[in-house]
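A.B. asks: The sequence isn't on hand, but the structure is:
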């Protein structure tokens, strides 16, 4: 007995019988072919031949924040800051590396995922190439069955991964899905050392992507030559070749902000950031993840120390911070800690790209999981969007900091840090880490509210005189509090 069904191999291709009698593997077959159910073909995955899909309903009206027009870097402010057509903005994107894979092999899940992203973020960061490493991750399978293949290549396990013959069409479908939802796109690349062995064909790959993305000036905001060039480019962290590839892309498509790669080694070390952002349109880093207080402190010090000394010229992108879930390297699952890390991005004027386990390989159900996916946007909205333009950064141990602690952790009891950003009238201060119990005080006559991972203090804003107590904090209560105030 026979029946109509489709057979799919491990590379995601389907067997199809053509009118000339040939049987070939194709990526997008027509209606299925007839095969006998035998032990041989039962070794293949069996997909029932579906009815033609009904026309999908248009995406619902987006509910998340949106970038109006194109993102720009304002160099006229004391620190380079992000802005769109309406003014200063804190760009908040989300990583979903396998978007192209979902669009090709799991269209219903792709549509659901795009809807979830559109509800909470301004844009996505996804990979236009990946697939070499096949033994990492919580399941030890790496990118197996998560490849994005612009050309054929051999993975870490010796398996041959076939080129996606419909690669360009899939990428356009993904970018179209961004366009209809008002989302922006951040394209990156992984595993180029294997996909283009010895670098052969890599320049053509970047040029190919430039030609495609040139049709989407309203969608593609960022293009990155490599996600982490020290481990996914054939010469390791070769900044000169990264610049060459960036130039090849920009010659064809000058619209996006073109990035080289996150720098290798110490992400926040000044020489690294400068080397990997010189000739780029922004500096993207995969910043410190552990410990969480170090992640916050080092983000602040990029602006307070490196920028203040004139060593860094470009606007900043926090491309892969820590996040929740077991696929994240050095994960952070605590809401207070995650809130503090992303809030400091905004206080410093850095763009944020949210990261969770699902966004890496989509191995664990919905992308909308782990603290921060739904919570971060509304919480960060309480911090003024123009804070990246404010000129003054002050750690709380300085005598001119508007918000301060009477003692600090290294004195026995107190917070780990109190870091302030202010413009002479308005102030935002983060109190984080520490041990014991302490008071936080103001040097200004201040009207203020307190923001934490649970939300903002309810009721009318309180007012204190200079020297007055703003907050009494016990570390067991909350590890991060943010004071948002203005001078009265």
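C.D. replies: Structure's in. What do you need? None of these values were measured; they are calculated from a predicted model. Numbers count the residues shown, from 1 in each chain.
A.B. asks: so the residue nearest the centre of the chain, which of the three states?
C.D. replies: What sits nearest the mean C-alpha location of the chain, by Cα atoms, centre = their mean, is residue 353, with 2.8 Å. Counting by DSSP: H, G, I helix; E, B strand; the rest coil, the backbone at residue 353 sits in strand.
A.B. asks: was I right about it contacting residue 319?
C.D. replies: Yes: counting by Cβ atoms under 8 Å, residue 353 sits close enough to residue 319 to count as a contact (5.3 Å). All C-beta spots, glycine's among them, are computed from the backbone N, C-alpha and C.
A.B. asks: and for those two, which residues touch both?
C.D. replies: Here residue 353 and residue 319 share the contacting residues residue 125, scored by Cβ atoms under 8 Å, 6 or more residues apart in numbering.
A.B. asks: State the pLDDT value of the closest residue to residue 72 other than its chain neighbours.
C.D. replies: Excluding the flanking residues, the one nearest residue 72 by Cβ to Cβ, 6 or more residues apart in numbering is residue 83, at 5.5 Å. Here, the pLDDT recorded for residue 83 equals 97.
A.B. asks: Now for residue 83: which residues touch it?
C.D. replies: 71, 72, 73, 74, 89.
A.B. asks: The last one reaches residue 69, doesn't it?
C.D. replies: Just to be clear, that refers to residue 89. No: using Cβ under 8 Å, residue 89 makes no contact with residue 69, being 10.4 Å away.
A.B. asks: ok so residue 472 is a strand residue?
C.D. replies: Yes: Residue 472: assigned to a strand according to three-state DSSP.
A.B. asks: who does it bridge with?
C.D. replies: Residue 472 forms beta bridges with residue 439, as assigned by DSSP bridges.
A.B. asks: Tell me how many other residues surround it.
C.D. replies: 10 (other Cβ atoms under 10 Å).
A.B. asks: Contact partners for it?
C.D. replies: Contacts of residue 472 by Cβ under 8 Å, 6+ apart are 437, 438, 439, 440.
A.B. asks: How about residue 423, nearest residue that isn't a chain neighbour?
C.D. replies: residue 390 is the one closest to residue 423 (Cβ to Cβ, 6+ apart), at 4.1 Å.
A.B. asks: I'd assumed residue 420 was in contact with that neighbour.
C.D. replies: No: in terms of Cβ under 8 Å, residue 390 does not count as a neighbour of residue 420; the distance is 9.9 Å.
A.B. asks: any idea how far residue 197 is from residue 244?
C.D. replies: 18 Å (Cβ to Cβ, to the nearest Å).
A.B. asks: before we move on, what about residue 482?
C.D. replies: 43 Å.
A.B. asks: Comparing the two, which shows the higher neighbour count?
C.D. replies: residue 482 (25 against 14).
A.B. asks: Okay, now the sheet partners of the host helix or strand of the more buried one, with direction.
C.D. replies: If you go by DSSP states H and E, residue 482 is part of strand 480-487. Strand 480-487 has the following strand partners under DSSP bridges: strand 426-432 (antiparallel), strand 446-452 (antiparallel).
A.B. asks: list the helices and strands the helix or strand hosting residue 194 packs on?
C.D. replies: In this structure, residue 194 sits in helix 192-195 according to DSSP H and E. Judged by 3 or more Cβ pairs under 8 Å, 6 or more residues apart in numbering; DSSP states H and E, helix 192-195 is in contact with strand 153-154, helix 202-213.
A.B. asks: and the end-to-end length of stretch 284-304?
C.D. replies: The straight-line separation of the ends of stretch 284-304 (Cα to Cα, to the nearest Å) is 18 Å.
A.B. asks: What lies in contact with it?
C.D. replies: In contact with stretch 284-304 (Cβ under 8 Å, 6+ apart) are residues 79, 224, 228, 259, 261-263, 267-268, 273, 277, 312, 316-322, 329-330, 332, 334, 337, 340-341, 344-345, 347-350, 393, 395, 416-417, 419, 430, 432-433.
A.B. asks: buried ones in that stretch?
C.D. replies: Residues of stretch 284-304 classed as buried by neighbour count (16 or more other Cβ atoms under 10 Å): 284-289, 292-293, 295-304.
A.B. asks: so how far is that stretch from its chain's centroid?
C.D. replies: Its chain's C-alpha centre and that of stretch 284-304 lie 16 Å apart, by Cα atoms, centre = their mean, to the nearest Å.
A.B. asks: please begin residue numbering at 35 from this point
C.D. replies: Shifting the count to begin at 35 puts that one at stretch 318-338.
A.B. asks: Show the low-confidence segments of the protein, by residue range.
C.D. replies: Across the chain, the ranges flagged by pLDDT under 70 are 35-96, 266-271, 492-493, 508-512.
A.B. asks: Wasn't residue 292 part of a helix?
C.D. replies: No: counting by three-state DSSP, residue 292 falls outside a helix, being strand.
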